[in-house]
Each structure stands twice: as C-alpha cells, then as structure tokens.
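[1] dropping the sequence and predicted coords here.
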Amino acid sequence: MRWYIAILHQVLRITGHLPLRWLHDIGAAFGWLVWCLHGTPRRRAQVTLSLALTQISDETRQTLLRRSLIESGKALLEVARIWRGDPAATLALVREVRGLELFDKALTTERGVIIAAPHLGCWELLNFWLCSRTPIAIVYRPPRQTALEPLLLKARGTLAAEQVRADGAGVRKLYKRLNAGGVVGILPDQQPRRGEGEFAPFFDTPALTMVLLPRLAQRTGAQVLFAFAERLPRGSGYRIHILPAPEEIAAADLPTAVAALNRGVENCVRIAPDQYQWSYKRYSIRPQGEPPRRIY
C-alpha cells in the first residue's frame with residue numbers, strides 16, 4: 001500500500017469514530033452542494049433518470065435527483081464508519097432484517113446461494129452482515145486507480161470474506177464454491193464491457209447487462225436472492241431487505257435470464273429509489289444499430 005493510501009486508510013478509521021448521524025449530515029451537505037453546483041454526478045444521474053424513469057413527470061424526476069444526490073453524499077461518508085475496523089459496532093447498526101427467513105432457508109439447502117446486491121443503500125454494511133451469517137466470496141472489479149485496490153482489500157479484510165476478482169480465475173473459483181454449496185455475493189447491475197453481456201430492459205430502456213450471474217445460477221443450480229441495506233433516517237441505522245429473484249433468472253435462454261436479472265434489481269430499487277446510485281453510467285454502452293450519440 002502506497003504511503004498516501006495508507007494515510008487515507010487511517011483518516012477513514014479516525015473519521016469512522018464520529019456518530020453515524022454526523023457522518024450522514026456531512027454527507028448530505030456534500031450531496032446538496034453537488035446538486036447546487038450542477039457537478040458531474042448530477043449530470044450523469046440526470047441522464048440515467050431521464051432514460052430509466054420515462055413514466056414520471058420531469059418535476060418528480062428532479063425531486064428524486066436531488067434526494068438521490070443527498071443520499072449519495074451520505075453513502076460516501078458512511079463508508080468511514082463501516083470500514084473503521086470494528087465489526088461488532090458495525091453490525092449493531094442493523095435495526096431490522098426483512099426476508100431473513102428466505103436467507104436462512106436457502107442456507108439449509110445443499111445448493112449454493114448467490115446474493116445479488118445492487119448499487120443501492122449501503123452495500124458495504126450488507127457485506128459485513130452477510131459475513132456474520134455465513135462464509136462468503138465477494139466478487140469485485142479492481143478500481144481504475146490501481147493504487148486504491150490494496151485499500152479496498154485491507155478495509156474489507158475484517159469481513160473474513162474471500163475477495164474474488166472478476167476475471168477468468170475468479171469465475172472458476174465461483175463455480176467451485178457454488179458447486180460445493182457455498183455462498184457468493186455479486187453486484188448485479190455492474191455494466192460489463194461490450195461483448196461480455198446481453199442487452200435487456202432496465203426500467204424499459206435497453207441496458208448492457210452481465211451474463212455471469214444467470215450463467216452461474218443456471219449451471220450450478222444455485223438459488224438467487226436479492227439483498228440491500230436501506231439507510232434509515234437521521235443516522236438511526238439500517239434495514240436489510242432480502243427478496244426472492246424472478247423465476248426466469250436461471251433460464252437457459254440468456255436474454256430471458258438477463259431480463260429477469262434486471263427485474264430483480266428494479267424490485268429492490270422501487271423500495272428505496274432515492275438510495276440507488278443513479279449517477280452510475282448504466283446506459284453508456286448502446287445497442288448496435290442505435291444512432292451513435294454521447295449521452296453522458
């Protein structure tokens with residue numbers, strides 16, 4: 001770990017001792033500033049919302065946009081609390097778990113389990129909670145700034161999770177774990193590279209969607225559950241939601257399966273739409289034949 005990344009890690013650990021409500025208040029102020037200054041995250045989120053939520057009025061979209069940027073600011077600051085190196089204090093922030101019976105039942109079967117965790121709420125807290133319940137492998141994509149990868153590995157190291165790169169060797173590890181009845185966590189709404197996914201409707205607009213998760217489910221027989229940690233008001237903690245996946249997510253027909261995957265993400269987002277990471281460039285790669293245009 002480079003010296004400046006090591007300093008950043010220590011700053012995060014120290015900042016993480018602040019009360020969660022303080023961190024959320026600071027993050028909310030930062031998100032409000034991004035809204036007021038029309039920064040890049042606002043422009044990206046505005047484009048994504050205009051493509052995804054075409055059935056609502058522009059006024060409603062603007063309200064959701066402002067609220068989502070505020071929630072994104074909270075997400076940025078709360079990571080310090082999650083990564084401060086105190087798993088017991090982190091788990092104490094979980095106030096409620098909805099759908100726990102689905103998760104517990106899945107663990108009792110001899111099949112593997114895939115947890116699909118969208119960019120919604122506090123997925124870092126969800127990782128901690130999952131690791132407290134069962135051994136798990138978490139799939140991650142190395143950050144563009146390679147110097148940050150050691151920070152991610154060290155900060156998440158207290159999870160005692162197996163952190164698996166999203167590459168060929170990593171995929172083989174996932175198949176092996178699932179075939180042995182293990183548990184795997186994947187971000188299902190991460191846009192793959194062109195040629196590595198299938199286009200499927202995401203809120204009625206075609207989005208390049210990963211095929212890894214449906215293929216894992218289809219070839220191993222693993223059960224798929226969707227999960228996210230909803231941020232509660234006034235820094236009071238989090239509510240974890242566990243939802244069943246659409247039945248077609250393991251269909252042999254790949255377009256059918258990836259469409260079901262996106263519906264599963266949509267079901268989660270509808271519960272807490274302002275906590276979804278709308279600034280993620282979900283539609284930046286367009287289907288062949290569509291007129292070329294730069295939308296972000």
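    Good, I have the coordinates.
[2] which ones are touching residue 121?
    The contact partners of residue 121, taken as Cβ atoms under 8 Å, 6 or more residues apart in numbering, are 75, 228-231, 238, 272, 275. Placement of C-beta: from N, CA and C, glycine included.
[3] burial measure for residue 74, as a count.
    Number of residues near residue 74 (other Cβ atoms under 10 Å) recorded here: 23.
[4] ok, it - contacts?
    Residue 74 makes contacts with 23-24, 27-28, 31, 231, as judged by Cβ under 8 Å, 6+ apart.
[5] before we move on, back to that, export the contacts of residue 121 to TSV and tack on neighbour count?
    Shown next, in TSV, are the contacts of residue 121 (neighbours: other Cβ atoms under 10 Å):
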residue	neighbour count
75	21
228	29
229	28
230	20
231	24
238	24
272	17
275	24
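[6] quick revisit: tell me which of the contacts of residue 74 is nearest to residue 83?
    residue 23 (11.7 Å; Cβ to Cβ).
[7] helix, strand or coil: sort out the closest one for me.
    In terms of secondary structure, residue 23 is helix; the call rests on DSSP: H, G, I helix; E, B strand; the rest coil.
[8] is residue 226 in a bridge, and if so with what?
    Beta-bridge partners for residue 226, by DSSP bridges, are residue 116, residue 243.
[9] look up how far residue 102 lies from it.
    Distance check for residue 226 against residue 102: by Cβ to Cβ, to the nearest Å, it reads 10 Å.
[10] more neighbours: which of these two?
    Ranked by neighbour count (other Cβ under 10 Å), residue 226 and residue 102 place residue 226 first, with 27 against 16.
[11] write the PyMOL selection for whichever of the contacts of residue 74 are buried.
    Only the buried entries of the contacts of residue 74 go into this PyMOL selection, using 16 or more other Cβ atoms under 10 Å:
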select buried, resi 23+24+27+28+31+231
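[12] make a markdown table from the contacts of residue 121 and add secondary structure, pLDDT and distance to residue 261 to it.
    Formatted as a markdown table, the contacts of residue 121 follow (DSSP: H, G, I helix; E, B strand; the rest coil; pLDDT from 0 to 100; distance: Cβ to Cβ, whole Å):
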| residue | secondary structure | pLDDT | distance to residue 261 |
| --- | --- | --- | --- |
| 75 | helix | 96 | 23 |
| 228 | strand | 98 | 15 |
| 229 | strand | 98 | 20 |
| 230 | strand | 98 | 21 |
| 231 | strand | 98 | 24 |
| 238 | strand | 98 | 24 |
| 272 | coil | 98 | 19 |
| 275 | helix | 98 | 20 |
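[13] what packs against the host helix or strand of residue 97?
    Here residue 97 sits within strand 94-98, counting by DSSP states H and E. Identification of packing neighbours for strand 94-98 by 3 or more Cβ pairs under 8 Å, 6 or more residues apart in numbering; DSSP states H and E yields helix 123-133, strand 238-244.
[14] can you list the low-confidence ranges for the stretch 101-250 of the chain?
    Residue ranges of the stretch 101-250 of the chain with pLDDT under 70: 142-160.
[15] distance to residue 199 for the contacts of residue 121 - can I get that in CSV?
    Shown next, in CSV, are the contacts of residue 121 (distance: Cβ to Cβ, whole Å):
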residue, distance to residue 199
75, 28
228, 24
229, 29
230, 29
231, 31
238, 33
272, 26
275, 26
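[16] closest to residue 188 among those?
    Of those, the one sitting nearest to residue 188 (Cβ to Cβ) turns out to be residue 228, at 10.7 Å.
[17] pLDDT of stretch 13-27, averaged?
    In this model, stretch 13-27 carries a mean pLDDT of 92.
[18] other residues contacting it?
    70, 73-78, 80-86, 93, 231, 234-237.
[19] stretch 280-291 now?
    Taking Cβ under 8 Å, 6+ apart as the rule, stretch 280-291 contacts 44, 47-48, 51-52, 119, 189, 191, 194, 199, 202, 205-208, 292-293, 295-296.
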